[in-house]
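Chemist: got a predicted structure here, sequence first:
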Amino acid sequence: MDTIIRVGGSAGDGVASTGQILARAFSRLGYHVNAYNSYQSVIRGGHVWYNIRVSEEPVESIGDRIDVLLCIDHQTAEVHAPLVAEGGVVVHEASKVDLSDIKLPKGAADIGITALEAAKEIGSPLLANVVAVGAVAHAVGLDPESVRDVIQAQFGRKGEKMVEMNYQALDKGYEFASQVEPIRKHGRVGPQRALIPGNEGIALGAMAAGLTFYAAYPMTPASTILHYLAQVGPDNGVVVKQMEDEIGVVNATIGAAWAGARAMCGTSGGGLALMTEAIGFAGMAEVGLVIVNSMRGGPSTGLPTKTEQADLWQMLGAGQGDYPKALVAPQDPHDAYLAGIEATEIADRYQMPVFVASDFYLSETSMTLDKELPPVDAIDRGAVVEKKEGDFLRYKITDTGVSPRSIPGTPELMFIAASDEHDEDATLISDVLAGLPNSLKVRIDQVDKRARKLDTLLKELPAPEIEGETGPILISWGSTAPILREARRQMAKDGVETRQLTLRWILPFHTDAVREMLEGETFYVIEASSSGQLEDYIRMRTGLWATGNVRRYDGEPFTPGYITTHFAPLVQEVVA
């Protein structure tokens, strides 16, 4: 049995902090938690909400209903009350919310609280959120002590008086809600679980793999990587720079990587648009860097605080011409940690750009970890030459596509790293030699050498596998995959069996393996893109056409119910 809580209000009402206290209380009790922060692009005003879903079993989406709704303003009641389940609870700030014109579901309880007034009596209007936390905590059957533990951890550094005031506010909230019975009891079910957001997972993975430089210009939804690394990076050997714009970001990151750092930068689609020329330079100069692209609704400013998966072609086509780049799409915060490790190691060893494709939903969703984050036992810097032995050919033609490199400053191992085409010893051919007979082969050999990196890398990456035994194959990528997994379980209960193929490594792509899996099969593509970019990419790679698709591009994340509702007609068409 799962429980879903939603907190709604305006930006500046403390919606996220209220939700985070509740999410942490559940994670400390050993529950699995999915906590999604949905907000607007304004600092004050606008409608924002925070969704917490908890269960004794892993939770892979925000769900499709609400058990307890906290309305800090009236708009929250208007927007979210229709999703409240029968027998649910609506907690509302009585001074701001009038439920007389809101139709509540059958059996739903209504708890009116005067949190702001109570907070002022205790000593600070800022305590209103903690009063609300107490009311919600009672409604979901949380013991007060479990919430007190979170308050102590969060406010303890501010002194005993502040903690005591928060305790009073919490108790007042429980008192307000005592008129109704909790919808269920939530006691300890296991040891405390770590709760981390997707962006933090990427950052932790990169640091585990030896990250020493991160640059960014604030851009939602990638900004929290910058915030987190600015907080913890310096103590872990990471230089963190906020640059003047994304052009400065990518060039600083390339410079750091060229100088020997394991380097990463982060942005979203609009920032990536400014980075693409420099990313192409990294491809030509063979400098390895990681680019985190947290996708949001586009084009242009688009929906800066809503989710989408529509930057696939933008990443694949970043920079003109042909050159190797890799692209990995993690599914959840734990997988984001693994992707952070893989991307950092591959960029450095293969001397090429590597994209980590995230999105707003993954970036802003905190999930509990089911298992510990694995450490990186050893850092492999790849083909780094530390001492001259014979001729040093920086761009030597190799079977793997990876050439020897030196860290700048290494005696007798200097080379030119330019954006021009070059021969093996880094001599440029573009100025006066291009097109001459001897240079034609140099150009072909260097292009082919760089391309072989992807062939070599593909051999070390595991091919995707199909989940499930029978039925049509549903294909997804990134953060959509766990949600699809839950949707498939729901459909199975209704007698509709399906299989699932999650594409994690988009580039290099396991073309032969995927074609073999899909040939002769009925398959559908589930993605957050209006044009079906992933579907087109699969067709381009395999030559196979999908039977159909389910797409979402309104800015909201997929839910299991959205997928099952939109997939049902497709199944009926096939049966008919």
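Modeler: It's in.
Chemist: what's the single longest helix in this protein?
Modeler: Criterion DSSP state H: the longest helix present in the chain is helix 437-460.
Chemist: run the chain-centre distance for stretch 468-482.
Modeler: Distance, stretch centre to chain centre, for stretch 468-482: 18 Å (CA atoms, centre = their mean, to the nearest Å).
Chemist: outline the domain layout of the chain.
Modeler: 2-177, 195-368, 383-461, 466-575 (automatic domain parsing).
Chemist: indicate which one of the ones you listed is closest to residue 376.
Modeler: domain 195-368 (4.8 Å; CB to CB). Glycine gets a C-beta too; all of them are placed from N, C-alpha and C.
Chemist: any idea how far apart the tips of that closest one sit?
Modeler: The first residue of domain 195-368 is 4 Å away from its last residue (CA to CA, to the nearest Å).
Chemist: distance between that domain and the chain's centre?
Modeler: Distance, centroid of domain 195-368 to centroid of chain: 11 Å (CA atoms, centre = their mean).
Chemist: hmm, back to that, mean confidence score for the longest helix of the chain?
Modeler: Helix 437-460 shows a mean pLDDT of 95.
Chemist: state the mean pLDDT of the helix or strand just after that helix.
Modeler: Counting by DSSP states H and E, the next helix or strand C-terminal to helix 437-460 is strand 466-467. Strand 466-467 carries an average pLDDT of 98.
Chemist: strand 466-467 pairs with which strands, parallel or anti?
Modeler: Applying DSSP bridges, strand 466-467 is found paired with strand 499-502 (antiparallel).
Chemist: what does the partner strand contact?
Modeler: 331, 464-477, 481, 484-485, 488, 514, 517-518, 523 (CB atoms under 8 Å, 6 or more residues apart in numbering).
Chemist: same question, stretch 526-537
Modeler: Identification of contacts with stretch 526-537 by CB under 8 Å, 6+ apart yields 307-310, 312-313, 316, 359, 474-477, 480, 484, 503, 506, 525, 546, 549-553, 557-558, 563, 567.
Chemist: repeat that for stretch 76-84.
Modeler: Residues contacting stretch 76-84 (CB under 8 Å, 6+ apart): 6, 8-9, 47, 49, 64-67, 69-71, 90, 92, 97, 99, 102-105, 108.
Chemist: on the three-state scheme, the nearest residue to residue 253 once chain neighbours are set aside is what?
Modeler: For residue 253, ignoring the flanking residues on the chain, the nearest one in space by CB to CB, 6 or more residues apart in numbering is residue 265 at 4.2 Å. Three-state assignment for residue 265 (DSSP: H, G, I helix; E, B strand; the rest coil): strand.
Chemist: list the residues that contact residue 265.
Modeler: Residues near residue 265 by CB under 8 Å, 6+ apart: 214, 215, 216, 249, 250, 252, 253, 275, 289, 290, 291, 292.
Chemist: pull the contacting residues for the closest residue to residue 138 other than its chain neighbours.
Modeler: Once flanking residues are discounted, residue 138 sits nearest to residue 177: 3.9 Å by CB to CB, 6+ apart. For residue 177, the contacting residues are 91, 111, 113, 134, 135, 136, 138, 139, by CB under 8 Å, 6+ apart.
Chemist: over to residue 384?
Modeler: 404, 405, 406, 407 are the contacts of residue 384 under CB under 8 Å, 6+ apart.
Chemist: mark which of the residues you listed are buried, thanks.
Modeler: Neighbour counting by 16 or more other CB atoms under 10 Å classes 404, 405, 406 among the contacts of residue 384 as buried.
Chemist: related to what we said a few turns ago, dig out what the residue nearest to residue 253 forms beta bridges with.
Modeler: As for beta bridges, residue 265 partners with residue 215, residue 291 under DSSP bridges.
Chemist: measure it to residue 211 for me?
Modeler: Computed as CB to CB, to the nearest Å, the residue 265 to residue 211 distance reads 11 Å.
Chemist: please consider this matter closed, and thank you.
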